[in-house]
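Chemist: turn this into a model:
(one chain, ligands or ions: 1)
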Amino acid sequence: MNLQTLRDRVSEGMGEAQSADSEATIEAVRIKYLGRKGLMPQVMKELKTVAPDERAEVGQLANSFKNELSALLDSRRASLAPGADESGAAPFDVSLPGRWLRRGTRHPISSVIEEAVAIFGRMGFTVAEGPDVETGYHNFEALNTPPYHPSLDRKDTFWLDDGRLLRTQTSPVQIRMMESRQPPVRIVTPGRCYRRDTTDATHSANFHQIEGLYVDRDVSLSDLKGTLAYFAREMMGPDVAVRFRPHFFPFTEPSVECDFSCHVCGGSGCRVCKGSGWIEIAGAGMVDPRVFERVGYDPEIISGYAFGMGIERIAMIRYAIPDIRLLYENDMRFLRQFA
Ligand code: DAH
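Modeler: Numbering: from 1, shown residues only. As a prediction, the model looks like this:
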């Protein structure tokens, strides 16, 4: 077969393949050109009889025809399949199993916040929020914090150039709430706080607190104790013990620190509680009369309690997380463990 004849047969074959529009015609074209008794084996067999100066070209043309024709036939076949579009693009196979998106999990910090809000919600607390960027007035002064208090130090607080700061605690939200409404006030405020701490296993420059404030007539320290004890049992389980120690905060008087018995050792002493059997959870106290005066409440008529606690601390105890940094690294292997 000479070169010209082959060229003609090739364009004929490509044309037939192009217009083949059923399984049967496609298959017929394949057999005619590529089958065992088709054109291709014949060309190959006759190659040695081709004039020497055409031989190489005939061989090359035959080879490329073989590849191009079978590719064209494949795509014609694909274009007949259900779901294929007009361009003949490969269809998708509707019988393949779908691709499943992995369902996400709640971050332990979010879980603890949600649960704390729900627990306090059962006691009549509603959620209030305030800005992360605070005024020095709300974060310190209105909370009766004297200018020489260490937390005002440049090295302990993130100050902005305009004199504002990243709040070091959720307590300023107490002030904002009391400024904007009259008693009774019963709120919890979860949120981010910031301190210039060097990060280690128990410190993070960015962390979360949940603050509580209840202001009304005749609120007493025993109300505070009952509230935190109920919270402890709901959050940690019925066996948790709660103790209160005298403490100092500028914005409460008297002030207490509230500890929960260590859930790991049950109070006998272990590494988590550093041998004491107790874990420090919250700062709390009766709202200082000076704070009431700042927001225009009459401390002779009004009384109230406040508390604030670290969310990470609770999450770490609850889920036995040994290092606070795990909560911030976005490592899916860690986060997927929490439902
Ligand atoms: N804001 C305090 C802190 O970050 C915690 C605190 C103590 C909050 C006593 C309160 C409170 O509301 O009454 O250490």
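Chemist: what segments of the stretch 1-150 of the chain are strands?
Modeler: Per DSSP state E, counting those that start in this stretch, the stretch 1-150 of the chain has strands spanning 126-127, 133-134. These are given in chain order.
Chemist: gap between the first one and the chain center?
Modeler: Computed by Cα atoms, centre = their mean, to the nearest Å, the separation of strand 126-127 from the middle of its chain amounts to 23 Å.
Chemist: try the last one
Modeler: For strand 133-134, the gap between its own C-alpha mean and the chain's C-alpha mean amounts to 24 Å (Cα atoms, centre = their mean).
Chemist: in the stretch 151-300 of the chain, mark out all the strands, start to finish.
Modeler: Taking DSSP E, counting those that start in this stretch as the criterion, the stretch 151-300 of the chain contains strands spanning 165-166, 185-194, 206-216, 242-249, 252-261, 278-287.
Chemist: what mean pLDDT does the first one have?
Modeler: What that stands for is strand 165-166. When pLDDT is averaged along strand 165-166, the result is 96.
Chemist: next one: stretch 6-19
Modeler: Per-region confidence: stretch 6-19 scores 92 on mean pLDDT.
Chemist: adding mean neighbour count and distance to the ligand, write the strands of the stretch 151-300 of the chain out as TSV.
Modeler: No exception for glycine: its C-beta is placed from N, CA and C like everyone else's. Written out in TSV, the entries for these read as follows (neighbours: other Cβ atoms under 10 Å; distance: least, Cβ to the nearest ligand atom, whole Å):
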stretch	mean neighbour count	distance to the ligand
strand 165-166	20	13
strand 185-194	21	7
strand 206-216	22	5
strand 242-249	15	4
strand 252-261	20	4
strand 278-287	22	3
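Chemist: those strands: which one's closest to residue 48?
Modeler: In this view, these are compared for proximity to residue 48 by Cβ to Cβ, and strand 206-216 is the closest at 81.1 Å.
Chemist: what angle do that closest one and strand 278-287 make?
Modeler: Here the directions of strand 206-216 and strand 278-287 differ by 40 degrees (axes from the mean of the first three to the mean of the last three Cα atoms, to 10 degrees).
Chemist: which strands and helices sit next to strand 206-216?
Modeler: In terms of contacts (3 or more Cβ pairs under 8 Å, 6 or more residues apart in numbering; DSSP states H and E), strand 206-216 is packed against helix 108-122, helix 172-180, strand 185-194, helix 221-236, strand 303-310, helix 311-318.
Chemist: that'll do, ta.
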